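**Student:** Just the structure for this:
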Amino acid sequence: MSFAQTKEKVKELSLNSRSFSAYGFSYRVGSSKGLWRLNSFTSGLSSRRNKSERSEGFNRSYWVGFGLGREFRKPINDKFEFRYGADLTFQYSQVYSENKWLGPTPNFSENRQYVISPGISLVLGFNYLLTEQWIVGVEWNPSVYYDISRMQFENIAFDGVTTKETTNAKGLNYQLSNNNLLISLAYRFKKVKE
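**Tutor:** Residues are numbered from 1 along each chain as shown. Below is the predicted model:
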């Protein structure tokens, strides 16, 4: 496949996986040289319950994230493209846990944490063109984001005394790990020359 000097209007829809732990969709629209991209990711709901002779516990967590950005492509050969760009991102996560101690001094505690994380991610990756319409892509997204979190803690002791505490935190973070590896299978709708 070769790219002529004329621009072609491109629309793509892809199924994505972030390190096989979160799944979502991307929609890309633009020309063969530069595309606007809208990404959505959700990991769904994760929960775990455990029980022993003296304690019971329950944990639940989920997160959802979105991104809007720009992607540019450079052909390497007929089958490979280099892609690069950046996304503005937003993520919301929630974690809930409770623990009960059933021994001679029973106790109950509950924790809730809410985190909002706006940020920016770079896009560095490659596309492999299976056919004119089907594309497999891999990209790495090093990112910088700002966490705004709230944690609520409640403890009810065996004597009925209740302790409640709320903590707020903010912080700038970065992520350079392979957890930011995105794998995609995209369908490219028929190109229209502009």
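**Student:** mean confidence score for the host helix or strand of F90?
**Tutor:** Taking DSSP states H and E as the definition, one finds F90 inside strand 80-101. Per-residue confidence for strand 80-101 averages out to 93 on the pLDDT scale.
**Student:** If you count neighbours, what's buried in it?
**Tutor:** Applying a neighbour-count criterion of 16 or more other C-beta atoms under 10 Å, the buried positions in strand 80-101 are 81, 83, 85-87, 89, 91, 93, 95-96, 98-101. C-beta coordinates here come from the backbone N, C-alpha and C atoms, glycine included.
**Student:** just stretch 22-29 next, same as before
**Tutor:** Of the residues in stretch 22-29, those scored as buried under the neighbour-count criterion (16+ other C-beta under 10 Å) are 22, 24, 26, 28.
**Student:** Show residues contacting it.
**Tutor:** Applying C-beta atoms under 8 Å, 6 or more residues apart in numbering, the external contacts of stretch 22-29 come out as 9-18, 35-43, 63, 65, 71, 184, 186.
**Student:** Out of these, which sit inside strands?
**Tutor:** The strands in this structure, assigned by DSSP state E, contain 9-18, 35-43, 63, 65, 71, 184, 186 from the contacts of stretch 22-29.
**Student:** So, low pLDDT: which residues of the protein?
**Tutor:** When the per-residue scores of the chain are filtered using pLDDT under 70, the ranges that remain are 1-7, 42-45, 191-194.
**Student:** tell me which strands and helices the helix or strand where G57 lies is in contact with?
**Tutor:** Using DSSP H and E, G57 sits in strand 55-75. Secondary structure elements in contact with strand 55-75, counted by 3 or more C-beta pairs under 8 Å, 6 or more residues apart in numbering; DSSP states H and E, are strand 22-31, strand 34-51, strand 80-101, strand 107-129.
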